[in-house]
Each structure stands twice: as structure tokens, then as C-alpha cells.
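Visitor: Here is a sequence together with a model predicted from it:
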Amino acid sequence: MLDLILTRGLSLHSCEDFDAGISDHCSVLFEPAVPYVQPILSQPVCSSRGFYSTTALDFSKFYSNFFTNSEVSLLPDMTTDQLVLIFNSTYSTALNTVAPLKPKKQKARSSPQPWLNASTRALRQECRRAERRWRKDGLQVSYKILKDSLTTYQKSVSTAKSQYFSNLIAMNANRPKVIFKTINSVLNPATCSAPVGNLETCPEFLGFFVQKVQDIRFHLTPPDMVHSHGISPINFTSFKPMTPSQFSALISKMKFTQCQSNVLPGRLIREVLDTISPALLTIINSSLTSGIFPESFKHASVQPLLKRSHFDPSVLSNYRPISKLPFISKV
């Protein structure tokens, strides 16, 4: 029996008390207004590709067989856009054959762990193999192997983490800002990140960024009011084709970034570069010779990033847009 109701964050309706006749306390009846929470029926499903140690070799074999001599003989008569179209079609076909898209449940992203290295990843794979073996046979010896593997992996991660932060502090001994930021990231890890993209948030970000660009353009000085200060413009009349050695040297210095516009993932481009470099060089030289930049290379995917990890992710003004261009367009 209750004489008093204590609530927090709830609204009460139809409160009344009455004597139940079995105690010297009164019974209190009430109706709380509990907000309805939409249940999560299932995890969002996305598509992903599986890349293995033999994927690059399988891609190279399929690409070489698919690109017949009849198609190569038509290359000199094609425009730059036609070359890009046929090469992208060939890449997509080869990639879908050796690494097809498969549905996969989307998991929450964990915070970055830069201290993980090849050794810790190998130990984690060993733990997974031991777990699958134990779940399959259910033997006590398999369970002991799993426990030993897990213990070894946890010790390796702890050692790698300690070594990572020790090196980071030693390298920035004279930079207190970096040290304080590192300590703060350990004691107060970021809990919010960019929201998962969906059909509802995309139009909101699009409208916000378009309006932001319009506001910036409105406050810019018109071109006819800008003084040139006597600087004459430089006009390029022609470009020299790139040689294979120049192309290889340039590619070796570039960073392979991931973009939705990339036909091939960055990690696969690095492994099959020897196979696809003649095709890429053909596209680049065609663009330099004709003076035409392919239309498909002018499109970028815009990704919103949170300006600070502690900012409210529900406020659009706390994001900044970054444009991701296809890898080949950067060459």
C-alpha cells in the first residue's frame, strides 16, 4: 500500500486514493502516461563484398579473358567518355563475378583502434577459428584451446595499446595540446558519431548544404569587381601524353581512398594495378589529348562529417560536407 507516489519524467493522470480496509494506509491508484517507443524489428541490412587472398588473382584472370582483342582494337576510335564507360562496365562485371554483393546486417560502428596491427588481427582470426571449432565439435579440448587463444589475444591487444600510447606521448612530449587531447580521448571516449544514412536524412542534409552554398555565394564579391593587379591569365593550349613510367611513379605516391563512385575498391586497385594500369593510362592520355574531362569524373559523393566528436549529431549545422571524387579523376 502506498501513501505517496514518486515519479521522474512521467505524467500521472486519474490519481485517487481509497481505504482498502486491511491496513492503516490508503491505496493510491493512478495512470502513468508512458511514451510509446517504436520497437526495433530488425537490424538494417546492407550489401558488402568479401575479399580474400585470391580475389586479386581471380580478378586479373577474368579481366584478361573478358577484354578480347576485338574490343581493344576499337579503343583509338572511342571518345574519352566512351572509354570510361566500357572500362567501368568491364570492371563492374569482373568485380561482380569474383566478389559479388551479399546482404549483411549492419552493425554499430565501434570507435577506431589504431593500436591494432597485423599481429593482433592474426590472433583474433585464430580465436575465431578456435571458436568455430569448439561450436562444431563441443569437445573440452577445443574449449581449452579457445580460452588459451582468447587470453593470448587479450594480452596482445593490451600490450599493443600500451605501446601505442607510450609512443604517442613520447613523440609529442613538447606538445601539451596533443597530450591533453589523447588523455581526454581515453578518459572520455566519444559516444556520438555521424548518423546512419537513410532516405529521411539525405534530403535534409541536401537542403541544408545547398542553402549554405547559396548563402556563401551571396556574400562573395562579384567577379567584375575583383581587381587583377596586373596578373595576366595563363592559357594552356595542349598537354603531353603521360608515359607508363610517369604513371607508375604518380600512382605509387597517391593514397588509395574509398569512394562510392569508385568502380573498384581502393584496396583492390592497389593489388591489381599492374593489370588495369594500361586501361587507366589509355583513359588519361585520351583526356589529355582531346582536352575533355570525362563527365563521370565530375560527380562527387558528398559525405557529412561531425565537426567535433562532442557536438550534437541531430543539429545539421554541426556537420561539414566533404566531397569524395573517383580515384582515377584525381590522377
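Guide: Thanks, I have the structure now.

Visitor: Where does the closest residue to T7 other than its chain neighbours fall, secondary structure wise?
Guide: Distances taken as CB to CB, 6 or more residues apart in numbering place P32 nearest to T7, at 7.0 Å, with adjacent residues excluded. (Glycine included, C-beta is placed from N, CA and C.) Assessed by DSSP states H and E, P32 sits inside strand 27-33.

Visitor: what separates the residue nearest to T7 from H13, distance-wise?
Guide: Distance of P32 to H13, computed by CB to CB, to the nearest Å: 8 Å.

Visitor: what do the two both touch?
Guide: Here P32 and H13 have no joint contacts, going by CB atoms under 8 Å, 6 or more residues apart in numbering.

Visitor: Please write out the alpha-carbon positions of stretch 179-189 in CSV.
Guide: Coordinates of each C-alpha in stretch 179-189 appear next as CSV, following Å, rounded to 0.1, in the frame of the first residue of the first chain:
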residue,chain,number,x,y,z
ILE,A,179,48.9,15.0,-24.9
PHE,A,180,45.8,16.5,-23.3
LYS,A,181,43.7,15.6,-26.3
THR,A,182,45.0,12.0,-26.1
ILE,A,183,44.3,11.7,-22.4
ASN,A,184,40.8,13.1,-22.9
SER,A,185,40.1,10.6,-25.6
VAL,A,186,41.0,7.8,-23.3
LEU,A,187,39.1,9.1,-20.2
ASN,A,188,36.1,10.5,-22.2
PRO,A,189,35.7,8.4,-25.4
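
Visitor: which outside residues touch that stretch?
Guide: 111, 165, 168-169, 172-173.

Visitor: Residue ranges in the stretch 201-331 of the chain under the pLDDT threshold?
Guide: 223-236 (pLDDT under 70).

Visitor: so who does the residue nearest the centre of the chain touch?
Guide: When the chain is reduced to its mean C-alpha position, the nearest residue by CA atoms, centre = their mean turns out to be Q258, at 7.5 Å. Applying CB under 8 Å, 6+ apart to Q258 gives the contacts 265-266, 324.

Visitor: Domains of this protein: list them as residue ranges, please.
Guide: In the domain annotation for the chain, the residue ranges read 45-107+194-219+239-330, 118-187 (automatic domain parsing).

Visitor: Just send those domains back as CSV, with distance to D19 too.
Guide: What follows is the domains of the chain, written out as CSV (distance: least, CB to CB, whole Å):
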stretch, distance to D19
domain 45-107+194-219+239-330, 49
domain 118-187, 55
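
Visitor: how about the strands of the stretch 51-200 of the chain, start to end?
Guide: Taking DSSP state E, counting those that start in this stretch as the test, the strands found in the stretch 51-200 of the chain are 101-105.

Visitor: Can you pull out the low-pLDDT segments for it?
Guide: Looking along the stretch 51-200 of the chain with the criterion set at pLDDT under 70, you get 67-76, 105-112, 189-198.

Visitor: Check which helices and strands the helix or strand that the strand holding P32 is followed by is in contact with.
Guide: Downstream of strand 27-33, the first helix or strand assigned by DSSP H and E is strand 45-49. Contact here means 3 or more CB pairs under 8 Å, 6 or more residues apart in numbering; DSSP states H and E; on that basis strand 45-49 packs against strand 101-105.
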